[in-house]
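Asks: only geometry, no sequence info:
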């Protein structure tokens, strides 16, 4: 691992400069990842559609959903311009995938850019992420605002993300808010609906369920939780407004999700989220290399996908400026009493 010379504490600009050599795409490698991921995903979903025995269809469907998560990371990186930026073919392939899985380019770009510009900033806005209020903001909020906040951060939103996040927020809501700007949200709804209807018509409900609906349910749920845990975890810190910078927010308000090699593959190394937020131009396959090369990135707050850590993360709801911690609603009530 790289080391910083004794007596020299690098500033944000120097650390950012140290990450730039890794912000280089290898088109051949990127195409290999796109092609292999697309092939594996298509094969698994094909088995889920056509296998004669339902347990085989179920297993293929769930694993196909996991590969869909990886495919989404490739789409995500393409939209950041970190892979295959100049490839027209990649644009056709990956944007088509986005429409098929209810992630239209226009609303995704707006919401995700907003997310990257405001990490670790308390707000009731839900664009690109889950809203986050401080305990002071919570105490001053109306009952209606509190109810909306409770609902938006409830685990049911994650469990039902196929409907709540992808079918509604990224598509229907985006189109209704600005039909002229987000016209492709309507296209995504039409394309995805046609996919479900076409498979159902061709092979019946079971084929549509195992090949499209169940994989979308599982992949959407995993994707939504990954968004949640990356900015709502035990040990995170919200940087005060006067101290806020993208550099500091990347280190303090973005998690390092430590998972094994299999889940690293399925999640496209998005667990190195503090590295990704510091420099979104780094391709997913160079995030580990970047963390190893930059000492300032080697001591993030970690979480995992163990049941204990998942439940702990889901309970955290409010940021308390006094204690400098994320709190549950119960803990916030205790502090207020």
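Replies: Received it, and whenever you're ready, just let me know what you need. Since this is a predicted model, take the numbers as computed values, not measurements.
Asks: wait, residue 81 sits on residue 279?
Replies: No: if you go by Cβ atoms under 8 Å, residue 81 and residue 279 don't touch, sitting 11.8 Å apart. Every residue, glycine included, has its C-beta placed from N, CA and C.
Asks: how far away is residue 315 from residue 234?
Replies: With distances taken as Cβ to Cβ, to the nearest Å, residue 315 is found 9 Å from residue 234.
Asks: and residue 174, what is it in contact with?
Replies: Counting by Cβ atoms under 8 Å, 6 or more residues apart in numbering, residue 174 makes contact with 104, 106, 107, 110, 111, 182, 185.
Asks: in helices only, show me those residues.
Replies: Among the contacts of residue 174, the members falling in helices (DSSP state H) are 106, 107, 110, 111, 185.
Asks: next, count neighbours for the fourth one.
Replies: Per other Cβ atoms under 10 Å, the neighbour tally for residue 111 reads 18.
Asks: next one, pLDDT for the closest residue to residue 304 other than its chain neighbours please.
Replies: Distances taken as Cβ to Cβ, 6 or more residues apart in numbering place residue 258 nearest to residue 304, at 5.3 Å, with adjacent residues excluded. Residue 258 carries a pLDDT value of 94.
Asks: again, but for residue 114
Replies: On the pLDDT scale, residue 114 gets 86.
Asks: so how far is residue 129 from it?
Replies: From residue 114 to residue 129 the distance is 8 Å (Cβ to Cβ).
Asks: host element of the spatially most central residue of the chain?
Replies: By Cα atoms, centre = their mean, the chain has its centre lying nearest to residue 227, at 3.9 Å. In the assignment (DSSP states H and E), residue 227 maps to helix 214-229.
Asks: the next helix or strand after that helix: which residues count as buried?
Replies: Once the chain leaves helix 214-229, the next helix or strand it forms, by DSSP H and E, is helix 246-252. Across helix 246-252, burial judged by 16 or more other Cβ atoms under 10 Å covers 246, 247, 248, 249, 250, 251, 252.
Asks: please list all residues in contact with the first one.
Replies: Yep, that's residue 246 we're talking about. Contacts for residue 246 (Cβ under 8 Å, 6+ apart) come out as 119, 277, 278.
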